[in-house]
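**Student:** coords please:
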Amino acid sequence: ARGVAHRASLSARARAPARGDRDAVSLETRAEDAKKMLAVATPALATTLAAGAAHAAVDPVASAFAAYGHYLGLVLVVGALTTEKWTVKAGMSEAEEQRLVVADSIYGIAGVLVLYTGYLRATEYGKGWEFYSHEPIFWVKMWLFTVMGSSSLFPTIKIIGRAAAKAKGEVEPMSEKLATRITKIVNGELLAVCSIPLAAALMSRGVAYAPDMPWQAGAAPIALTSLGLGVKYVKEALTWEED
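**Tutor:** Below is the predicted model of the structure:
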């Protein structure tokens, strides 16, 4: 019996190092797995931290002023167009002609302000170009702005032309035909600019967002519209004839 017990004790001692070796191998394997996981997670963590740092680096004051400038520009555009709509008429007085010049000048400056601050918000302070370039309603908004801006070429050319002629003492009272044409175009501009806030509200909420949409698909119609309407209204203004 003592011999059997002695052999069992020796067998247990012989197995003990084997279990220790397995435990050591297991620890080494876990350490290697941990290193692999860390190697995979580190780039993702670095990217996340970099994005957070970039977001934190955006100056909130500059962002607020860009937003304020954008909204102010839109308000001024609407105000200027409304003034033009209710001022333009056949046989305007000298004061009304001057008011029309001032309103159109404010409209031009406000349009540039809206365009510039909109660019800043799309690329610097908003959700980023990567979002907006794949948002179809963003391009609808830009198309509306393009229609508004291109359509304004006719009234602006005629208003500037009349102001220049007036400085030389050669201006004739505005005709009913010209007043009616300018009014129709201004009404169209008002419709376009008043549709922009709705498009902006839908766009900011990601309505119709299409991650696979190439930005060229949105930019092409805008370029074509700008060229087509620009040529149309400039030609109409320069070749305008009174019946």
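**Student:** Helices along the chain, start to end?
**Tutor:** Secondary structure of the chain by DSSP state H: the helices cover 2-57, 60-87, 94-120, 129-132, 136-151, 153-167, 176-204, 215-238.
**Student:** Tabulate these (CSV), appending mean pLDDT and mean neighbour count.
**Tutor:** C-beta here means a position set from N, CA and C on the backbone, and glycine is covered the same way. CSV is the format used below for the helices of the chain (pLDDT from 0 to 100; neighbours: other C-beta atoms under 10 Å):
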stretch, mean pLDDT, mean neighbour count
helix 2-57, 50, 10
helix 60-87, 94, 17
helix 94-120, 95, 17
helix 129-132, 91, 15
helix 136-151, 96, 21
helix 153-167, 94, 17
helix 176-204, 95, 17
helix 215-238, 96, 14
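**Student:** who's in contact with stretch 96-107?
**Tutor:** 76-77, 79-81, 83-84, 87-89, 92, 152, 155-156, 159-160, 162-163, 166, 171, 174 (C-beta atoms under 8 Å, 6 or more residues apart in numbering).
**Student:** do that again at 7 Å, thanks
**Tutor:** Residues from elsewhere that reach stretch 96-107, judged by C-beta atoms under 7 Å, 6 or more residues apart in numbering: 76-77, 80-81, 83-84, 87-88, 152, 155-156, 159, 162-163, 166.
**Student:** for stretch 112-127, same thing?
**Tutor:** With contact meaning C-beta under 7 Å, 6+ apart, stretch 112-127 is reached by 58, 63, 66-67, 69-70, 73-74, 77, 129, 132.
**Student:** ok, of those residues, which one's closest to A220?
**Tutor:** Distance to A220 across the contacts of stretch 112-127 (C-beta to C-beta) is lowest for Y132, with 16.0 Å.
**Student:** roughly how far apart are the spatially most central residue of the chain and A201?
**Tutor:** Closest residue to the average C-alpha location of the chain: A122 at 3.8 Å, with C-alpha atoms, centre = their mean. With distances taken as C-beta to C-beta, to the nearest Å, A122 is found 16 Å from A201.
**Student:** go on, M142?
**Tutor:** Distance from M142 to A201, by C-beta to C-beta: 15 Å.
**Student:** repeat for W86
**Tutor:** With C-beta to C-beta as the criterion, W86 and A201 are 28 Å apart.
**Student:** do the same with A217
**Tutor:** When distance is defined by C-beta to C-beta, A217 is 22 Å away from A201.
**Student:** F138 too?
**Tutor:** Per C-beta to C-beta, F138 is found 12 Å from A201.
**Student:** Please apply the same query to V102.
**Tutor:** 31 Å.
**Student:** show me what contacts the closest residue to A199 other than its chain neighbours?
**Tutor:** Once flanking residues are discounted, A199 sits nearest to K141: 4.0 Å by C-beta to C-beta, 6 or more residues apart in numbering. Going by C-beta under 7 Å, 6+ apart, K141 touches 196, 199-200, 203.
**Student:** Recalculate using a threshold of 6 Å.
**Tutor:** For K141, the contacting residues are 196, 199-200, by C-beta atoms under 6 Å, 6 or more residues apart in numbering.
**Student:** quick one: which of these is nearest D243?
**Tutor:** Nearest member of these to D243, counting by C-beta to C-beta, is I196, at 35.5 Å.
**Student:** Out of the contacts of stretch 96-107, flag the one nearest to A223.
**Tutor:** S152 (17.8 Å).
**Student:** can you pull the pLDDT of that closest one?
**Tutor:** Note for S152: predicted pLDDT of 96.
**Student:** neighbours around it, how many?
**Tutor:** Around S152 there are 25 other residues, counting by other C-beta atoms under 10 Å.
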